[in-house]
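Q: no sequence on this one, just coordinates:
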């Protein structure tokens, strides 16, 4: 059965893609190879999640978006408060704030998507209902 693709899910896919693009811009300034690999992996997960959500809006795309948001918001909050490993203080930068705002945006859009799909399911008749 096809899942309903809502405007909120499309915007959430765009926000996931934007997160991936922000991580790609962070690659040249990465302090070590470990950060380069991490940023490439997160950008790849963001891109794949965005494509899957745009096309299907399924459980797997929502799971990928949740993992992406947890990794992005968690690493950004840790970098802003405690600082990166080996650094002394926190790094309050515009890039980190953008990543946090995009993460919050993805969560809000997915909640709105769930509300719209739930309302749509309430008003549509099931194919097996009499």
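A: Alright, I've got the coordinates. Predicted model, so just to flag it, every value in this text is computed and none were measured. Numbering: from 1, shown residues only.
Q: From now on I want contacts and neighbour counts done on CA atoms only, so please keep to that.
A: Will do.
Q: now residue 17: how far from residue 123?
A: Distance of residue 17 to residue 123, computed by Cα to Cα, to the nearest Å: 32 Å.
Q: repeat for residue 106
A: Note on residue 106: its distance to residue 123, by Cα to Cα, is 26 Å.
Q: Neighbour count for these two, which is higher?
A: residue 106 (26 against 8; other Cα atoms under 10 Å).
Q: mind checking which helix or strand that one is in?
A: Using DSSP states H and E, residue 106 falls within helix 94-123.
Q: Return the distance of that helix from the chain's centre.
A: How far helix 94-123 lies from its chain's middle: 9 Å, per Cα atoms, centre = their mean, to the nearest Å.
Q: Check which residues of that helix are buried.
A: For helix 94-123, a neighbour-count test (16 or more other Cα atoms under 10 Å) marks 96, 99-100, 102-103, 105-107, 109-110, 112-114, 116 as buried.
Q: Same question for stretch 62-82.
A: Here stretch 62-82 shows 62, 64-69, 72-73, 75-77, 79-80 as buried, counting by 16+ other Cα under 10 Å.
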